[in-house]
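Enquirer: Pasting a predicted model and its sequence here:
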Amino acid sequence: LVVLVGALAAIVRGISSSIGPVSRKRVAKFARRQMLFITPDNGNIVIAYLATTRRWRAAGLATGLLVSIAWSFGNGFSINMVQLIAGWFAGAVMAEWRISRLPVGTRRAASLQPRMPEAYVSKAARAVPPVLAVVAVALALVGGGVQRSGRTVALPQLVTMAVAALVLTAVGRLVERRILDRPQPYAAADVLAADDAIRSRSLHVLVGAIGALAAYCVVAQLGFLSSAYTDAGTHAAIKAAEVAIWLLGTLFGRMVGTSPWSVQRPPAVRPA
């Protein structure tokens, strides 16, 4: 009960922190992670970005909490941490979709410099969600083989989780293209640096969130597969893998979402 009350207090505190102005500490943390120098011209852009992401992440966390409570209704009050974290990550993805573009000046102009994802987030991090989607499909195929061998396994649920992992990966790529293709007006160097920093942080959070959610799909699949085995050794091994992937997925989302990154802008291209 004490742990439950403490968890609820932390959740309420996190949601309530989304109300009110963005603190200087939060802006400084963003600048540190992106190695960005904050100026009077780009500071408001960063503040607007942080306010938007904060609201959507808090909304996702609140939704995860409500889903967890509704899920446990009738079986005693409990909080499912996977649903909470999944809600937060889903809110993070929605936030990146809702980020506003830079304001266009009196004279419309845009940079012609192509924006490649590798300039904003590492290739290794971007590879994790597709790899997990492939693992999810492989586990669904394994479930089909287990069922043909005469064991009882929740094959529809395994397939559903595989489809969910594939959809998550596709959604991640779609939002990634939206972030990269968002028009970038031809502006002062500090404003462009802030815009690039926001794109980079958005992609870091997006990749981390999609990777964590895909890992949770694999975790759910392992849970379904473990019920098909009655021998203690195999059952324990699958459960151990389930816990390990849950921890690694959560750690991946956290590390990628908060890892420092400096965007190296290529030579300027004449605006059009």
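Expert: Here it is on my side, so go on. Numbers count the residues shown, from 1 in each chain.

Enquirer: C-alpha only now, for contacts and for neighbours.
Expert: Noted.

Enquirer: For residue 97, give its distance to residue 125.
Expert: 19 Å (C-alpha to C-alpha, to the nearest Å).

Enquirer: Any stretches of the stretch 101-250 of the chain with poor pLDDT?
Expert: Applying pLDDT under 70 to the stretch 101-250 of the chain flags the ranges 101-113.

Enquirer: what's the following helix or strand after the longest helix belonging to the chain?
Expert: Counting by DSSP state H, the longest helix found in the chain is helix 189-226. For helix 189-226, the succeeding helix or strand toward the C-terminus, using DSSP states H and E, is helix 232-258.

Enquirer: Check which residues of that next one are buried.
Expert: For helix 232-258, the neighbour count (16 or more other C-alpha atoms under 10 Å) marks 235, 238-239, 242, 245-246, 249-250, 252-254, 256-258 as buried.

Enquirer: I'd like to know how many residues surround residue 73.
Expert: 11 (other C-alpha atoms under 10 Å).

Enquirer: same question, residue 29
Expert: Residues near residue 29, counting by other C-alpha under 10 Å, number 12.

Enquirer: Can you tell me the SS state at it?
Expert: Judged by DSSP: H, G, I helix; E, B strand; the rest coil, the three-state class of residue 29 is helix.

Enquirer: Tell me who's in contact with the closest residue to residue 205 other than its chain neighbours.
Expert: Once flanking residues are discounted, residue 205 sits nearest to residue 257: 4.2 Å by C-alpha to C-alpha, 6 or more residues apart in numbering. Each residue near residue 257 by C-alpha atoms under 8 Å, 6 or more residues apart in numbering is listed here: 201, 204, 205, 206, 207, 208, 209.

Enquirer: separation between residue 257 and residue 245?
Expert: Using C-alpha to C-alpha, residue 257 is found at 18 Å from residue 245.

Enquirer: and if you look at residue 165?
Expert: Separation of residue 165 from residue 245 (C-alpha to C-alpha) stands at 14 Å.

Enquirer: hang on, residue 183 in a strand?
Expert: No - counting by three-state DSSP, residue 183 is not part of a strand but coil.

Enquirer: give me every residue that touches the closest residue to residue 243 other than its chain neighbours.
Expert: Leaving aside its chain neighbours, residue 243 sits nearest to residue 219 (7.6 Å; criterion: C-alpha to C-alpha, 6+ apart). Contact analysis of residue 219 by C-alpha under 8 Å, 6+ apart lists 242, 243, 245, 246.
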